[in-house]
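K.L.:
Quick one, fold the following:
(2 chains)
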Amino acid sequence: MLDIRNIFKTFNAGTVNEKTALQDVSLCLKDGDFVTVIGGNGAGKSTLLNAVAGVWPVDSGSIFIGDTDVTGLPEHQRARYIGRVFQDPMMGTAATMQIEENLALAARRGKRRTLRPGIAGKERDEYRELLKILDLGLEDRLTSKVGLLSGGQRQALTLLMATLQKPRLLLLDEHTAALDPKTAAKVLDATERIVQKDRLTTLMITHNMRDAIVHGNRLIMMHEGKIALDIAGEAKKKLTVEDLLARFGQATGSDEADDKLLLG
Amino acid sequence: MMAFIGTLPGAISQGLIWGIMAIGVYITYRILDIADLTVDGSFCTGGAVFVVLFGTGVNIWAALLAALIAGMAAGLATGLLHTACGIPAILAGILTQLGLWSINLAIMGMKANVAVNVTNPENLNRLLVSLRFVQDVAKGTRPITRHPVFVVGLFTAALIAVLYWFFGTELGASLRATGANQNMARAQGINTEFGKVLGLMLSNGLVALSGALLAQYQSFADASMGRGAIVIGLAAVIIGQVLFSRVFRNFALKLLAVSIGSIIYYVVMQAVVSLSGIDTNYLKLISAVIVAVFLAIPYWKSHYFSKSVRKGGKLHA
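P.N.:
Here you go, the predicted structure:
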């Protein structure tokens, strides 16, 4: 479903701030794969997701979604295939617009935006039903401005928006990191349900090793712009946090586990 | 005092006409979150195109449409400078504005001022609005339905209705999303570059239309008629917001608030002139100060008058 072939990305090339963020990364996801991504700060996790989403072009390599080569497509055209939830709860929704307006925008992802009404009457009932699943009481607040919602509510709404039109690929960039533990668990729970229900091909970054182990059928760990570990299937099911730290040490050649990774 | 009351219909007419420009400013400043300085130039473009075409006997509606299209072209220029050339929006607007100075003069045959011949009654009667109609209605020689307040009021209402419809469509909603959150807009497949260009075109089209109406009203176009237009537009937007934001929540009413804000601005300016006898050359200074104060108030409020919040620490921590 997703095929990343030998991509490279260097920021600020030729300056003192030069930073090689992705080095010859290749990754292939099968239809319905749910891959969790872990790694320390600056390991290239978010860079990988942004490369796939098309936030900026990669230096070399290519990216396919299904049979479509999206390497040269701008962000808004790739959005046809991709649903995204960001780390920052403010980033995924339009604060000055109503809940139903945000949903209606998402329902038209990848379609031509015409002079037809921005939201049709029958859509509202559909949205109300979908919001009920989130169990946050948003179904009675369709016309509230999104700016009035809490961070957790906004993330849950963004998740719904990302999956309203079934995406071929779902990108979750530490989407629970900015939330309190209880809300984070709720949003993660909703994520699991939605991904399972629609059998979505998913790439989820997380700081939490336990979440990375519990969720998904495959786990990759990034280090210095490369994929350092790739564990799938039965091996992943048996994985523990201790195993993961040990294998991370072996893979990267450092005997001390990254503190940030452990604490995250 | 009587002199002031006597000038009210004129001030309200002017306020309504400039209100259409202010609605254009609202689209860029409030909806797209872009401070577009093209308007100082495109306002005159509208006036110039209208006066020249009208002078050659073109139908008034065709001349107004041409002014609208000319303004949209100016917006297109700014939009392309901003999106395709990566120039910051403010600078892109300033560049277009500067270029328009020459273009506006060229449209007017390299003259700084071109008049509409209103001494010819046939010509005068073809006009939609004119300062003379204000006097004629007062004298009773023209029906009240030809009063500029009535005509431009109707014009504004129709315009607000069209804009209300447009910003409710899929395309209009994508423009609002572009202004509200570009990251979100792009993630939802919205071409934000296109949205910005379209918004700038729409805005400057309205600004030019307003310029065309003003040129008609005062029966001439002048190369410097748009100077400071952006400040007047902002004044109208802010006055409307300060006075009506608690009552007017609907989008159409917010646009109406902008138009009313513009009228209030002109009535206050007229009051200052009539009642204090101040030299009218000081009006621009007064406008600048008023707008600066109104723009500063929200900042002062949040920084110096918020007792309940302790200083230090993050606002959104």
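K.L.:
From here on, just use CA atoms for contacts and neighbour counts.
P.N.:
Will do.
K.L.:
which ones are touching the residue of the stretch 151-264 of chain A found nearest chain B?
P.N.:
In the stretch 151-264 of chain A, no residue comes nearer to chain B than A:A162, which is 8.0 Å away by CA to the nearest CA. Residues near A:A162 by CA atoms under 8 Å, 6 or more residues apart in numbering or on different chains: A:I82, A:G83, A:R84, A:V85, A:A106, A:L170, B:Q188.
K.L.:
Next, give me the two most distant ones among those residues.
P.N.:
Across those, the longest distance by CA to CA is 13.7 Å; it joins A:A106 and A:L170.
K.L.:
So between the two, which is more surrounded?
P.N.:
Taking other CA atoms under 10 Å in any protein chain shown, A:A106 and A:L170 do not tie; A:A106 has more neighbours (26 against 23).
K.L.:
State the three-state secondary structure for the more buried one.
P.N.:
Of the three states, A:A106 takes helix under DSSP: H, G, I helix; E, B strand; the rest coil.
K.L.:
Surely it is in contact with A:K166?
P.N.:
No - at 10.6 Å, A:A106 and A:K166 do not qualify as touching, with contact defined as CA atoms under 8 Å.
K.L.:
buried ones in the worst-scoring helix or strand of chain B on mean pLDDT?
P.N.:
Taking mean pLDDT, DSSP states H and E as the measure, chain B has helix B:283-304 as its least confident helix or strand, at a mean of 84. For helix B:283-304, the neighbour count (16 or more other CA atoms under 10 Å in any protein chain shown) marks B:S287, B:I290, B:V291 as buried.
K.L.:
right, and out of the residues you listed, which lies closest to chain A?
P.N.:
B:V291 (24.0 Å).
K.L.:
what's near enough to touch the closest residue to the closest one other than its chain neighbours?
P.N.:
Leaving aside its chain neighbours, B:V291 sits nearest to B:A235 (5.4 Å; criterion: CA to CA, 6 or more residues apart in numbering or on different chains). Contacts for B:A235 (CA under 8 Å, 6+ apart) come out as B:G261, B:S262, B:Y265, B:S287, B:I290, B:V291.
K.L.:
quick one: contacts for the spatially most central residue of chain A?
P.N.:
For chain A, the residue nearest the mean C-alpha position is A:L172 (1.4 Å; CA atoms, centre = their mean). Neighbouring residues of A:L172 by CA under 8 Å, 6+ apart: A:R84, A:V85, A:F86, A:Q87, A:T202, A:L203, A:M204, A:I205.
K.L.:
please redo it, this time with the cut-off set to 7 Å
P.N.:
Residues in contact with A:L172 (CA atoms under 7 Å, 6 or more residues apart in numbering or on different chains) are A:R84, A:V85, A:F86, A:L203, A:M204, A:I205.
K.L.:
helix or strand for the nearest residue to the last one once chain neighbours are set aside, which one?
P.N.:
The reference is to A:I205. Distances taken as CA to CA, 6+ apart place A:V37 nearest to A:I205, at 4.5 Å, with adjacent residues excluded. Element membership for A:V37, per DSSP states H and E: strand A:34-39.
K.L.:
Ok, B:L243 next?
P.N.:
Per DSSP H and E: helix B:229-244 holds B:L243.
K.L.:
Quick check: mean pLDDT of whatever helix or strand comes next after that helix?
P.N.:
The C-terminal neighbour of helix B:229-244 among helices and strands, as given by DSSP H and E, is helix B:251-276. For helix B:251-276, mean pLDDT rounds to 92.
K.L.:
got it, and stretch A:24-37?
P.N.:
According to the model, stretch A:24-37 has a mean pLDDT of 96.
K.L.:
can you check stretch B:9-20 too?
P.N.:
On average, stretch B:9-20 scores 96.
K.L.:
quick check, distance from that stretch to the centre of its chain.
P.N.:
11 Å (CA atoms, centre = their mean, to the nearest Å).
K.L.:
what does that stretch contact?
P.N.:
Stretch B:9-20 has contacts (CA under 7 Å, 6+ apart) with B:134, B:148-149, B:152-153, B:156, B:206-207, B:210, B:213-214, B:258-259, B:262-263, B:266-267, B:270.
K.L.:
Dig out what A:T10 forms beta bridges with.
P.N.:
Beta-bridge pairing for A:T10 (DSSP bridges): A:T20.
K.L.:
need the residues of chain B near chain A, please.
P.N.:
B:168-171, B:173, B:177, B:180-181, B:183-184, B:186-191 (CA under 7 Å from any CA of the partner chain).
K.L.:
Give me the subset of those residues that lies in helices.
P.N.:
B:E170, B:L171, B:A173, B:A177, B:A180, B:N183, B:M184, B:R186, B:A187 (DSSP state H).
K.L.:
Closest one to B:T83 out of the residues you listed, please.
P.N.:
Looking across these and measuring by CA to CA, the closest to B:T83 is B:R186, at 14.4 Å.
K.L.:
Spatially nearest residue to the closest one (excluding sequence neighbours)?
P.N.:
Once flanking residues are discounted, B:R186 sits nearest to A:H76: 4.7 Å by CA to CA, 6+ apart.
K.L.:
What is the helix or strand harbouring that neighbour packed up against?
P.N.:
Using DSSP H and E, A:H76 sits within helix A:75-78. Where contact means 3 or more CA pairs under 7 Å, 6 or more residues apart in numbering or on different chains; DSSP states H and E, helix A:75-78 is packed against helix B:182-187.
K.L.:
Pull the distance from the very next helix or strand once past the helix it packs on to the chain's centre.
P.N.:
Per DSSP H and E, the first helix or strand lying C-terminal to helix B:182-187 is helix B:192-218. Centroid displacement of helix B:192-218 relative to its chain, using CA atoms, centre = their mean, is 8 Å.
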